[in-house]
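Engineer: no sequence on this one, just coordinates:
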């Protein structure tokens, strides 16, 4: 290793290769610890301080008015009803997006109950879950084909099925 001579200092100090120890600030109310007092203060404020905003419906508490407002929305009525399928929404913008799906997606209509769906997967799930085996026998067999449902009718004599 090459020695260097400093023109301004006559003493030589050894260079420390040991990293400086990290000081952690321990929360006195729980096991959490933080690298700075600011982070510790934020933790205490969020988790351990008295909540300034309390929900009258369920008792949940919040320090932030924004978080309290977001929480209150879960208790709000759903005044926006889809005129096509009667699903209700809390926000007008959500209803608008829902209605657009009715008119911009392919037709995925259940032939049993005329309910419309945004995707073939939703329609298949509806047919499977929404029309029990007993109801299927009453309305004819159900065949999901290319995004729509066709009712098939069964011959009482030969057990073959036919569209309408």
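Structural biologist: Yep, that arrived. Predicted model only: the values in this text are computed from it and were never measured.

Engineer: what's the local residue count around residue 78?
Structural biologist: If you count neighbours by other CB atoms under 10 Å, residue 78 ends up with 12. Glycine gets a C-beta too; all of them are placed from N, C-alpha and C.

Engineer: can you pull the contacts of it?
Structural biologist: Taking CB atoms under 8 Å, 6 or more residues apart in numbering, we find residue 78 in contact with 88-90.

Engineer: the spatially closest residue to it that is not a sequence neighbour pairs with what?
Structural biologist: Distances taken as CB to CB, 6 or more residues apart in numbering place residue 88 nearest to residue 78, at 3.9 Å, with adjacent residues excluded. As for beta bridges, residue 88 partners with residue 81 under DSSP bridges.

Engineer: what segments of this structure are helices?
Structural biologist: 37-43, 65-72, 92-104, 120-130, 133-139 (DSSP state H).

Engineer: report the rounded mean pLDDT for the second one.
Structural biologist: Helix 65-72 shows an average pLDDT of 88 in the prediction.

Engineer: same question for the fourth one.
Structural biologist: Helix 120-130 shows a mean pLDDT of 75 in the predicted model.

Engineer: among the contacts of residue 78, which one has the most neighbours?
Structural biologist: Greatest neighbour count in these, by other CB under 10 Å, goes to residue 89: 17 neighbours.

Engineer: verify the stated contact: that one with residue 99.
Structural biologist: No: using CB atoms under 8 Å, residue 89 makes no contact with residue 99, being 10.0 Å away.

Engineer: give the residues shared as contacts by those two.
Structural biologist: Common neighbours of residue 89 and residue 99 (CB under 8 Å, 6+ apart) are residue 82.

Engineer: ok, back up a step: which residues are in contact with the residue nearest to residue 78?
Structural biologist: By CB under 8 Å, 6+ apart, the residues touching residue 88 are 78-82.

Engineer: nearest to residue 63, of the residues you listed?
Structural biologist: The shortest approach to residue 63 among the contacts of residue 88 belongs to residue 78, at 27.8 Å (CB to CB).

Engineer: lovely, talk soon.
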